[in-house]
Every structure is written in structure tokens, then in C-alpha cells.
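Asks: heads up, no residue letters with this:
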């Protein structure tokens, strides 16, 4: 790890906020609960959308389902990101050099790029498949999304004490 | 209907990535049981490939339950060199036969409810700890219970 980053991590871990979270009886579990609630929203909604792309419940129109579940997926991030950053701050030095944490961040990036590419190139240019079977490309995106989120959750669980 | 028409129907799509993709995953293949079976096997292999390194990293780095040898119970009494009463779990350094042991305790909320409060153990105090040694990490143990003065506190 670069020295500047290591110093930053040490400052973060020694900060009053991180220390307060570590020492509080309820704050740490509270943040964990928020983090998990966010995961339920983000990943739950994403999985249901992925399953539709994979061919389950073909009677549901894809745009309607997207309009219903994907905003909730996005709102999950508002719970996950702040709580995740705070949980990270309590143990920043060890986490920053942990390979499991690196895998988690890389997978998050892959998941984000996967979703971005789907919306930019597949969802926005779709014509015939909105009300029936989806093309193989959309299925590949769905499989990628499911694998990525399972790995991210597994990494998260392995990181927690 | 000619099978190729299923494929050619997609030709108006201009995007190159989508075009290439139809060569790899023609859209009519989803009906083929064997193809689905192969896809399932591939997905399973992918998961295995991803989780194997993860589980290796897990056993080496973390305080998971399985990483402590429960067939070997340690019962050490010694001086406390350092104690942290913090989330996600408390820790103390115990001096025992010229070695310093890292003793993993429980989350503060649990220790508090079991009767081990923040101000009960200080540096220099003598405590007795019963627990299991880490399988890889030298001089680290997970405490099952701790004796402070006359008091016995269960941590699991």
C-alpha cells in the first residue's frame, strides 16, 4: 500500500467518529443493520430483474418491471454506501490491505460497469424483446450481475469479524 | 420457419457487441435442454472458481469459528498487557510464560450484558482465560470464558 494511503487509513481509523462507533454499544450493530437493509433492497431488486431477463415470468413487461424495481435497487445504495464507509473507517488499516476487500471493491466496479453497459447499450436499444423472451446478451448481463452480487455478499460476510 | 430466420431477424441491431453476441449465444438456444445444462455447469464452475480462493483467504485472515481448534482447550492465567473494549469484538493481550497471547473476546454489547463492563479489566490486572487456539495464527486464541477476580463471564 502506498505510504500516503496508509497514513490516510491510519488517520481515518484514529478519527473521533471511527473511535465512537467502535466503542458504542449500539452504533456498530445499527450500522450493520442499515448496511444489510440496503443490500436487501439493492440485491433483492437486482436479482428479481435479472431473473426476468433470464426468462422467468415472461408475461411481465421488462420496462414496467424495471420502472418498479430498479429505483429501489438504487435507493438501497443510499443505505449501503454511507453505512459501509463508516464501518470501513472503524477498521480501515486492516481492511485496506485485505485481499478479500480488494476482491469486493473490484467486484463492485464490475457490477457497476455491467449495469451501466446494460442500460447504455442493451436496454436503451431494445426493440422486440420487451414483452417476451430476452436476447442472449441480456441473459449474459443477468448472469454476470447475479454472480457479482453473490461474490460481493460473500466477501462482505468474510470481512465482518 | 427456417431456423436461420430466428437469427437473421436480429440483424437490424447495429451494435457490434450485440451482433457478435448472437454468434456466441443464438437466441433460439434457450429452448435446447443440453445447452441449458451446459450453461448451468459453466455457471457452477464459475462460482467454484471464484469461491475457492475466497475460502482460502478466509481461513488465513479471519476470526471465523472454524479457525480455532476446539479439540485443544487452553486455560491461561496472566497479566493483561493491553485491552480494547471495542466493536466488532473486544481483544486483550495476555502475558503467559514469556509470550504475549492475543485473546479475542466478544462484542462489547454482549460482554456488557453478561456482566463484563468496560471498567472491570485494566492493564496489569491478572485474569484467567479459557479458550481455543487459532489453527494458523500463532499465539492467538478465542476466549470461551474469562475469570475476572471472583467473577466468571461466559463469552459465547
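Replies: Received, thanks. Not measured: the values here are computed from a predicted model.

Asks: Can you give me the separation between whichever residue of chain A sits closest to chain B and residue A:142?
Replies: Of all residues in chain A, residue A:136 sits closest to chain B, with a separation of 3.0 Å (C-beta to the nearest C-beta). Just so you know, the C-beta spots here come from the backbone N, C-alpha and C atoms, and that holds for glycine as well. In this structure, residue A:136 lies at 10 Å from residue A:142, with C-beta to C-beta, to the nearest Å as the measure.

Asks: Repeat that for residue B:106.
Replies: From residue B:106 across to residue A:142, the span is 41 Å (C-beta to C-beta).

Asks: Residue A:25 now?
Replies: Here residue A:25 is placed at a distance of 42 Å from residue A:142 (C-beta to C-beta).

Asks: Check the residue nearest in space to the middle of chain A and give its pLDDT.
Replies: Nearest to the centroid of the C-alpha atoms of chain A, with distances taken as C-alpha atoms, centre = their mean, sits residue A:108, at 5.9 Å. The per-residue pLDDT reported for residue A:108 equals 96.

Asks: Not counting sequence-adjacent ones, nearest residue to it?
Replies: Distance criterion C-beta to C-beta, 6 or more residues apart in numbering or on different chains; nearest residue to residue A:108, sequence neighbours excluded, is residue A:152 at 6.0 Å.

Asks: Please look at that neighbour and residue A:107 and confirm they touch.
Replies: Yes. Using C-beta atoms under 8 Å as the test, residue A:152 is close enough to residue A:107 to be in contact (4.9 Å).

Asks: For chain A, which residues score under the pLDDT cut-off?
Replies: Low-confidence regions of chain A, defined here as pLDDT under 70, cover residues A:126-129, A:161.

Asks: residues making contact with stretch A:104-114?
Replies: With contacts defined as C-beta atoms under 8 Å, 6 or more residues apart in numbering or on different chains, stretch A:104-114 is touched by A:141, A:144-145, A:148-149, A:151-152, A:155-156, A:159.

Asks: for stretch B:41-48, same thing?
Replies: In this structure, residues lying in contact with stretch B:41-48 by C-beta under 8 Å, 6+ apart are A:143, A:147, A:150.

Asks: Roughly how far does the last one sit from residue A:81?
Replies: Going back to what we said before, that points to residue A:150. Plainly put, residue A:150 is 20 Å away from residue A:81 if you go by C-beta to C-beta.

Asks: Neighbour count: those two, which is higher?
Replies: With other C-beta atoms under 10 Å in any protein chain shown as the criterion, residue A:150 and residue A:81 differ in neighbour count, and residue A:150 comes out ahead with 16 against 12.

Asks: For the more buried one, give me its contacts.
Replies: By C-beta under 8 Å, 6+ apart, the contact set of residue A:150 is residue B:47.

Asks: which stretches of chain B have low pLDDT?
Replies: Chain B contains residues with pLDDT under 70 at B:1-35, B:50-65.

Asks: returning to what we had before: now, among the contacts of stretch A:104-114, which is nearest to residue A:7?
Replies: Closest approach to residue A:7 among these (C-beta to C-beta): residue A:159, at 22.0 Å.

Asks: quick revisit: okay, now the residue of chain A closest to chain B: neighbour count?
Replies: Residues contacting residue A:136 under the criterion other C-beta under 10 Å number 20.

Asks: Now do it against residue B:142, distance only.
Replies: As it turns out, when the distance is counted by C-beta to C-beta, residue A:136 lies 49 Å from residue B:142.

Asks: now swap in residue A:48 and tell me
Replies: Computed with C-beta to C-beta, the distance linking residue A:48 and residue B:142 is 39 Å.

Asks: Same drill for the two, tell me which one is more crowded.
Replies: residue B:142 (25 against 18).

Asks: buried set for the lengthiest helix in chain A?
Replies: Of all the segments assigned as helix in chain A under DSSP state H, the longest by residue count is helix A:62-90. Neighbour-count burial for helix A:62-90, counted by 16 or more other C-beta atoms under 10 Å in any protein chain shown, picks out A:62, A:65-66, A:69-70, A:73, A:76, A:79-80, A:83-84, A:86-90.

Asks: quick one: which of those residues is nearest residue B:149?
Replies: Of the buried residues of helix A:62-90, the one sitting nearest to residue B:149 (C-beta to C-beta) turns out to be residue A:90, at 30.3 Å.

Asks: Contacts only, for that closest one.
Replies: A:13, A:18, A:21-22, A:28, B:87-88.

Asks: Make CSV from those and add neighbour count, secondary structure and distance to residue B:101 to it.
Replies: Formatted as CSV, the entries for the contacts of residue A:90 read as follows, by neighbours: other C-beta atoms under 10 Å in any protein chain shown; DSSP: H, G, I helix; E, B strand; the rest coil; distance: C-beta to C-beta, whole Å:
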residue, neighbour count, secondary structure, distance to residue B:101
A:13, 19, helix, 23
A:18, 19, helix, 26
A:21, 20, helix, 27
A:22, 19, helix, 22
A:28, 22, helix, 25
B:87, 24, coil, 21
B:88, 17, coil, 20
